[in-house]
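S.K.: Okay, here's the prediction I keep looking at, along with the sequence it came from:
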Amino acid sequence: MICIIILSQSIILAIPNFEDDYSDDSIVYKINKSLSIDNDKFIVERLIMDDKDIYIEYKLITFEKGWTFPDSAITLINSKGKELQGRGSFSSGKIWGEQGVLKYDCDIKDGETIIVRFEWYDRKSDLLIHLSKEGVTH
């Protein structure tokens with residue numbers, strides 16, 4: 001019984017540190033916007049952009065159990081309407097859902113408005129994000 005409690009606490013406290021994966025020249029936009037997926041919530045926490053790649057750090061807070069989040073259902077579309085090529089993803093399960101990173105080709109410039117789109121079967125939801133220097137950290 002004690003082992004289960006210790007294991008549960010370590011899972012809750014294990015928050016990944018994504019900072020080490022980005023270059024020193026990366027531009028970090030604090031977004032903190034969400035879109036609804038049925039009764040669940042997909043939150044774009046930050047968007048990190050360097051000269052080659054764009055990363056979306058996200059949280060998925062799930063209220064409906066029994067489904068697995070398909071990261072391929074998230075697409076990133078630039079202001080010219082071009083869907084950016086996904087380069088990979090990783091996530092970790094949490095008691096409340098999951099936390100992860102999605103990686104895309106970089107074809108976005110500061111000042112653009114982009115679309116984060118969730119599309120899976122009959123579900124579709126868009127999140128508009130305007131990238132401005134106001135939300136930038138380094």
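M.R.: Yep, that arrived.
S.K.: And stretch 66-84, end to end?
M.R.: Distance across stretch 66-84, first residue to last, is 29 Å (C-alpha to C-alpha, to the nearest Å).
S.K.: count of neighbours near the residue nearest to S23 when sequence neighbours are not counted?
M.R.: Using C-beta to C-beta, 6 or more residues apart in numbering and skipping the chain neighbours, the partner closest in space to S23 is D50 (4.8 Å). All C-beta atoms are positioned from the backbone trio N, CA, C, and that covers glycine. By other C-beta atoms under 10 Å, 15 other residues sit near D50.
S.K.: Is D50 in contact with V28, as I believe?
M.R.: No. Look at D50 against V28 with C-beta atoms under 8 Å: they stay out of range, at 9.9 Å.
S.K.: Are there residues contacting both of these two? Which ones?
M.R.: Y22 (C-beta atoms under 8 Å, 6 or more residues apart in numbering).
S.K.: got the contact list for I37?
M.R.: Going by C-beta under 8 Å, 6+ apart, I37 touches 60, 118, 123, 125.
S.K.: Tell me which stretches of the chain form helices.
M.R.: 2-13 (DSSP state H).
S.K.: can you give me the strands for it?
M.R.: Secondary structure of the chain (DSSP state E): strands at 27-37, 40-49, 53-61, 74-77, 86-94, 97-105, 113-120, 123-130, 136-137.
S.K.: Identify whichever of those strands lies nearest to W67.
M.R.: Minimum separation from W67 across these (C-beta to C-beta) falls at strand 40-49, 8.5 Å.
S.K.: could you dump that closest one to PDB, C-alpha only?
M.R.: Output in PDB follows, covering the C-alpha atoms of strand 40-49 (Å, rounded to 0.1, in the frame of the first residue of the first chain):
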ATOM      1  CA  ASP A  40     -12.400  17.700 -22.800                       C
ATOM      2  CA  LYS A  41     -10.100  20.700 -23.100                       C
ATOM      3  CA  PHE A  42      -6.900  21.000 -25.300                       C
ATOM      4  CA  ILE A  43      -4.700  23.900 -24.000                       C
ATOM      5  CA  VAL A  44      -1.900  25.400 -26.100                       C
ATOM      6  CA  GLU A  45       0.400  26.600 -23.300                       C
ATOM      7  CA  ARG A  46       3.400  27.800 -25.400                       C
ATOM      8  CA  LEU A  47       4.500  27.900 -28.900                       C
ATOM      9  CA  ILE A  48       8.300  27.800 -29.400                       C
ATOM     10  CA  MET A  49       9.800  28.800 -32.700                       C
END
